[in-house]
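**Student:** please work out how this folds:
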Amino acid sequence: MNEISNIFEKFKKNWKKYVFQSLLATITIFFILLILNVQDRPIIVSSLGASTFIVFAMPQSMVAKARNLVGGHAVGFICGSIFSFLLNGNFVFSNLSYALAVGLSIFLMVVIDTEHPPAAGTALSLSITGFSLNAVLCVFISVAILAVAHHFLKPYMIDLI
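**Tutor:** Predicted coordinates for the structure are as follows:
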């Protein structure tokens with residue numbers, strides 16, 4: 001019962017930040033969606049939604065830093081694109097290819113210190129949907145907007161979790 005009380009106390013104390021940061025996230029992702037017109041690539045946008053959560057709900061976190069945000073999605077994009085061309089064929093090999101894209105992206109993010117969990121979703125999405133110029137623009141413009149928003153808004157935000 002004490003834990004619930006602590007949650008309510010934290011919310012009561014910081015409710016303006018909760019509303020402010022949630023509105024910032026809403027405006028930012030709305031802006032990204034308007035610019036990119038991503039209706040034909042909804043699977044890629046899902047990992048960007050998770051990145052938006054991290055940037056605005058956990059702005060002080062290591063995984064919200066630009067290095068992790070941009071680097072993680074770059075690794076995920078590259079791994080997903082590579083595996084979209086490999087092992088395609090039957091059901092088992094296609095699924096193995098998707099799994100390898102995720103596993104390799106996790107490995108590389110950890111090795112080069114660019115951990116960003118939603119970027120594993122980018123790897124999975126790209127391995128399933130395949131490489132395209134639209135996907136490149138979608139991922140990297142979105143990530144750039146989120147990184148810039150994080151840079152300028154971080155001083156006004158707190159970790160909400």
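**Student:** hmm, His49 is touching Ile29, no?
**Tutor:** Quick fix: residue 49 reads Gly, not His. Yes. Using C-beta atoms under 8 Å, Gly49 makes contact with Ile29 at a distance of 6.7 Å. C-beta coordinates here come from the backbone N, C-alpha and C atoms, glycine included.
**Student:** the more surrounded of those two?
**Tutor:** Using other C-beta atoms under 10 Å as the criterion, Gly49 and Ile29 rank with Ile29 on top: 22 against 14.
**Student:** what sits against the residue positioned nearest the centre of the chain?
**Tutor:** The C-alpha lying nearest the average C-alpha coordinate of the chain belongs to Ser51 (C-alpha atoms, centre = their mean; 2.9 Å). Residues in contact with Ser51 (C-beta atoms under 8 Å, 6 or more residues apart in numbering) are Leu69, His73, His116, Pro118, Ala119, Ser142, Val143, Leu146.
**Student:** again, only this time at 10 Å
**Tutor:** By C-beta atoms under 10 Å, 6 or more residues apart in numbering, Ser51 lies in contact with 29, 63-64, 68-69, 72-73, 116-119, 121-122, 139, 142-143, 146-147, 150.
**Student:** now Gly121
**Tutor:** Residues near Gly121 by C-beta under 10 Å, 6+ apart: 43-51, 73, 76, 80, 102, 105.
**Student:** what helix or strand does it sit in?
**Tutor:** Per DSSP states H and E, Gly121 falls inside helix 118-129.
**Student:** mind listing what's buried in whichever helix or strand comes after that helix?
**Tutor:** Downstream of helix 118-129, the first helix or strand assigned by DSSP H and E is helix 133-153. For helix 133-153, burial by neighbour count (16 or more other C-beta atoms under 10 Å) applies to Ala135, Cys138, Val139, Ser142, Val143, Ile145, Leu146, Ala147, Ala149, His150, Leu153.
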